[in-house]
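Asker: Predicted structure and sequence below. I'll ask about it afterward.
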There are 2 protein chains.
Amino acid sequence: MPRITRRDRSDAPSSPAATPGISRRAVLGLAGAGAATAGLGVAGGFAAARAGADAAGPAGPARSYAFAGEHQAGIVTPAQDRLHFASWDLTTTSREEVVALLRRWTAAAARMTQGLPAGEFGPDSGPYDAPPDDTGEAANLDASGLTLTFGFGRSLFVGADGADRFGLAGRLPAALADLPHFPGDVLEPGRTGGDLAVQACADDPQVAVHAIRNLSRLAFGTASVRWSQLGYGRTSSTSTAQRTPRNLFGFKDGTANLKLEEPELVDDHVWVAADDDADEGTDSRWMAGGSYLVSRRIRMTIETWDRSSLREQEAIVGRTKGDGAPLSGGTEFTEPDLAATGRGDVPLIATDSHVRLAHPTSNAGARMLRRGYNYTDGSDGLGRLDAGLFFLAYVRDPRTQYTPMQTVLARDDAMSEYLRHTGSGLWAVPPGVASGATMGTADGAYIGQGLFT
Amino acid sequence: MPRITRRDRSDAPSSPAATPGISRRAVLGLAGAGAATAGLGVAGGFAAARAGADAAGPAGPARSYAFAGEHQAGIVTPAQDRLHFASWDLTTTSREEVVALLRRWTAAAARMTQGLPAGEFGPDSGPYDAPPDDTGEAANLDASGLTLTFGFGRSLFVGADGADRFGLAGRLPAALADLPHFPGDVLEPGRTGGDLAVQACADDPQVAVHAIRNLSRLAFGTASVRWSQLGYGRTSSTSTAQRTPRNLFGFKDGTANLKLEEPELVDDHVWVAADDDADEGTDSRWMAGGSYLVSRRIRMTIETWDRSSLREQEAIVGRTKGDGAPLSGGTEFTEPDLAATGRGDVPLIATDSHVRLAHPTSNAGARMLRRGYNYTDGSDGLGRLDAGLFFLAYVRDPRTQYTPMQTVLARDDAMSEYLRHTGSGLWAVPPGVASGATMGTADGAYIGQGLFT
């Protein structure tokens, strides 16, 4: 069928949509793009202008983040309010088709993060006899701070049967080793793993859902959704200027998280350096400037938790429920005094408390940049809500920064009684894409390009 | 165990939480309550003041709605951005325990809708050796426009075996008849029915989730969650001042919805009158001032939809995708001209289009007040997103305002090819609770009181 570039609808009189529609979004998007920063921005690094006088519009600042940059956006970006995370299985056996998909995803991501439709025509102004190149449900919404962060699973490099599926086995980073089985893991295959992953974060859930849905549409015939997860109410403040949110245990979560105001710590603990794998016998220099993302779907048995006493809850966490201060005293940001004891020389912060076991001093100084979200996925059919934490943490090396800590927590943390890990993923998150008008085209840069060249 | 009213934590030095915590929320909540209206409010009937200078706080206006009123809030209330809907099965056989649960729910709902914790002590200042009377995850959030709307399922009156479970069979409204099986229904028991339902709407999902979770906590031992559903991005504008939102087909949805600016239509089509059942041989005068809520979980096969042409999509809907104007011309709010024809005398609005078949003139003038939300619940394990519409509509009588229209739509609507109804509920939504300090106590009014007295 010949593709036409102007719509043919002469049978509809006086249609107001004869000119390309969705202009408000386009205008807003371009305004956002003009004000955007390089995606490296820490606090203040976003366009703070609010969506003008339209009181019926979406709440929150009409901010946007550039897609291109040294690092991918969505890692040190101040955490947005909503999450849609998805994982795909590749259904192709062609390396070229994988590259073509990554090019399409790059072009669409560069547009959608600026509040533009996924394709140039948008939902309403393309060829009338072809499917629209945007699905349309975000047409009147602004960028809402959307970031799209791409990751590669180990199965992209080496299949379950050990096969070198796409000629990438020699580029497998040593750090992308399978996570071990932890006590308390009840991982469901339908919530675990995958070849490709995208973390979509935005302040409007419809914007995050729209982005994942359009990426999935662009993957048709090449990859299909393996699982996806919605989240809300970020749990891990990435900035001291952001108030620490609360998890579904009702406690502040992320007080001791790596903060964006600590750029040297972020450099040390988040970003992969070119020579990180120098002694590992693998060529993963393509990961320089990237990071590793650990995703864990952690169900909380909230009904049981809700019947435990305030005393028990605070002892398990090691902090007060109201202010989040360590039980050794002070305020939320006071450093816990793990040595302090009370009556009868009993430690004020219990030996099996979460704050003690997760503390860097209990973990050889390991830190991570957490970026998790609460989730509620209906009920479990047994009269209980299926709710908890979709844990997301960016680290330079999960072998030292995640696995040892989780091994200890799963075994000794008093909180583990109330947790079940039902999903898991480990993702190599490549560096950012170089900016340019040809991004995503046959001539331009694309996400993960270093891996394929 | 003796309950103490001050916390006993003399072993914790210098705790900042010795005074009742969560004061910011309490202050905000009370401020909101002072500005609240009677829940009858139409456009403009909410406290429009934004949450002051705390830029890190939740987005959106810090509005609150009174819980008490002639009608329940959450029906004509301008639609908030987020939904958590839940259904419970009663596990008790005691009528007194059902009443006690409704009293507890009333007291908690009256508090939470004002931004207060579910119980008087809140998450952090009650007896230290008892479970907190609020779970805490909304502790730093304001009321966020929370409304809680309670409904009764037919099974509360008559059990599956025909039993008069709680001595209420004689009060069963005639309108609370089971919905028929419609073509295209693939209803799942775990998403359908239940004895009690609550619609929680708020502008912050964590506030809506917190409310349902605390109601569920208060139901422990009396009722257990049967199913729950999260939704986002309201799909049915209830006011011409609210921009019409888009559903996951990418089209504006709710253009022809009953609008709050049409109070006489709302009276005629939404609120039950005392004598509505006068000829039905049942005593359901307790429903006067109430309404009936139809809830339908409608999965959209979005992957298939996304591969259909713009022409086909618009023909199925009967409106343009961009502006939502009827295909007979004009703008979004132009009345569709169902008689208009184009080339070859073909109707501009197809005979099997959604806008034609759902139009009041095709349905004996029937109207409804729609209040639905989009949903995305991960993937279906077959490479597709599980996404669609959680349809909510308030009507005075579902037998005339819902069933005939859905019968036609399920059979003839071209859109039906892309829809699967996977969950269903029909709820008798009683009138509001009379205001008063004793609301929910043994001496005070409670939700559904007219049914039990």
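Answerer: That came through fine.
Asker: What residues does the stretch 251-400 of chain A have near chain B?
Answerer: Contact residues, the stretch 251-400 of chain A versus chain B (Cβ under 8 Å from any Cβ of the partner chain): A:251, A:302-303, A:306-311, A:313, A:320-323, A:325, A:327, A:329-331, A:342-343, A:346, A:348, A:374, A:376-379, A:381, A:383-385, A:387. C-beta coordinates here come from the backbone N, C-alpha and C atoms, glycine included.
Asker: Strands along chain A, start to end?
Answerer: Under the criterion DSSP state E, chain A contains strands at A:82-90, A:147-152, A:196-202, A:223-234, A:291-300, A:369-370, A:373-379, A:385-395, A:419-429.
Asker: Minimum distance to residue B:151: which of the ones you listed has it?
Answerer: Of all the strands of chain A, strand A:373-379 sits nearest to residue B:151, with 17.2 Å by Cβ to Cβ.
Asker: quick one on the thing from earlier: sort out for me which of the residues of the stretch 251-400 of chain A next to chain B are in helices.
Answerer: With helices taken from DSSP state H, the overlap with those comprises A:302-303, A:310-311, A:313.
Asker: buried subset of the residues you listed?
Answerer: For these, a neighbour count by 16 or more other Cβ atoms under 10 Å in any protein chain shown gives the buried set as A:302-303, A:310, A:313.
Asker: In terms of distance to chain B, which of these ranks first?
Answerer: Taking Cβ to the nearest Cβ as the measure, chain B lies nearest residue A:310 of these, at 5.1 Å.
Asker: quick one: which two of the buried ones among the ones in helices among the residues of the stretch 251-400 of chain A next to chain B are the most distant?
Answerer: A:303 and A:310 (16.5 Å).
Asker: does residue A:203 really touch residue A:147, like I thought?
Answerer: No. Assessed by Cβ atoms under 8 Å, residue A:203 is found out of contact with residue A:147, at 10.7 Å.
Asker: got any residues that touch both of the two?
Answerer: Common neighbours of residue A:203 and residue A:147, counting by Cβ atoms under 8 Å, 6 or more residues apart in numbering or on different chains, are residue A:80.
Asker: If we ignore the residues flanking it in sequence, what's nearest residue A:411?
Answerer: Residue nearest to residue A:411 in three dimensions, not counting chain neighbours: residue A:183, with 5.6 Å by Cβ to Cβ, 6 or more residues apart in numbering or on different chains.
Asker: my bad, should have said residue A:335
Answerer: That would be residue A:326: by Cβ to Cβ, 6+ apart, it lies 7.6 Å from residue A:335.
Asker: So the one you found sits against residue A:350, correct?
Answerer: No. At 11.5 Å, residue A:326 does not count as touching residue A:350 under the criterion of Cβ under 8 Å.
Asker: So between these two, which is more surrounded?
Answerer: Neighbour totals were compared for residue A:326 and residue A:350, and residue A:326 leads with 28 against 18 (other Cβ atoms under 10 Å in any protein chain shown).
Asker: do you know how far that one is from residue A:442?
Answerer: 55 Å (Cβ to Cβ, to the nearest Å).
Asker: Same question for residue A:116.
Answerer: Taken as Cβ to Cβ, the span from residue A:116 to residue A:442 is 20 Å.
Asker: which of these two has more neighbours?
Answerer: Between residue A:116 and residue A:442, counting by other Cβ under 10 Å, residue A:116 is the more crowded of the two (24 against 9).
Asker: Contacts only, for residue A:314.
Answerer: A:320-321, A:327.
Asker: how's chain A carved up into domains?
Answerer: A:21-240+A:253-293+A:429-452, A:300-427 (automatic domain parsing).
Asker: quick one: which of the ones you listed is nearest residue B:139?
Answerer: domain A:300-427 (7.1 Å).
Asker: Quick one: end-to-end distance for that closest one.
Answerer: Distance between the two ends of domain A:300-427: 24 Å, counting by Cα to Cα, to the nearest Å.
Asker: Run the chain-centre distance for that domain.
Answerer: 20 Å (Cα atoms, centre = their mean, to the nearest Å).
Asker: Same question for stretch A:156-167.
Answerer: Distance, centroid of stretch A:156-167 to centroid of chain: 25 Å (Cα atoms, centre = their mean).
Asker: Any buried residues in stretch A:210-225, and which?
Answerer: Neighbour-count burial for stretch A:210-225, counted by 16+ other Cβ under 10 Å, picks out A:210-219, A:222-225.
Asker: From the residues you listed, list the ones also adjacent to chain B.
Answerer: By Cβ under 8 Å from any Cβ, the members of those lying near chain B are A:212-213, A:216-217, A:224-225.
Asker: For the residues you listed, give me a markdown table that also has pLDDT.
Answerer: Below are these laid out as a markdown table (pLDDT from 0 to 100):
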| residue | pLDDT |
| --- | --- |
| A:212 | 98 |
| A:213 | 98 |
| A:216 | 98 |
| A:217 | 97 |
| A:224 | 97 |
| A:225 | 97 |
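Asker: Let me know the closest of those to chain B.
Answerer: Once Cβ to the nearest Cβ is applied, the member of these that ends up nearest chain B is residue A:224, at 3.1 Å.
Asker: Please identify which two of the buried residues of stretch A:210-225 are farthest apart in space.
Answerer: A:210 and A:222 (19.9 Å).
Asker: now the buried ones among the ones in helices among the residues of the stretch 251-400 of chain A next to chain B in CSV, with distance to residue A:152 and pLDDT?
Answerer: As requested, these are exported to CSV (distance: Cβ to Cβ, whole Å; pLDDT from 0 to 100):
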residue, distance to residue A:152, pLDDT
A:302, 34, 97
A:303, 37, 96
A:310, 44, 97
A:313, 39, 98
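Asker: Is it possible to get a markdown table of the residues you listed that adds distance to residue A:451?
Answerer: Listed next are these as a markdown table, based on distance: Cβ to Cβ, whole Å:
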| residue | distance to residue A:451 |
| --- | --- |
| A:302 | 40 |
| A:303 | 45 |
| A:310 | 50 |
| A:313 | 45 |
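Asker: returning to what we had before: residue B:170 is nearest to which of the strands of chain A?
Answerer: strand A:373-379 (31.7 Å).
Asker: name the helices or strands packed onto that closest one?
Answerer: With contacts defined as 3 or more Cβ pairs under 8 Å, 6 or more residues apart in numbering or on different chains; DSSP states H and E, strand A:373-379 has these neighbours: strand A:223-234, strand A:385-395, helix B:205-218, strand B:223-234, strand B:373-379.
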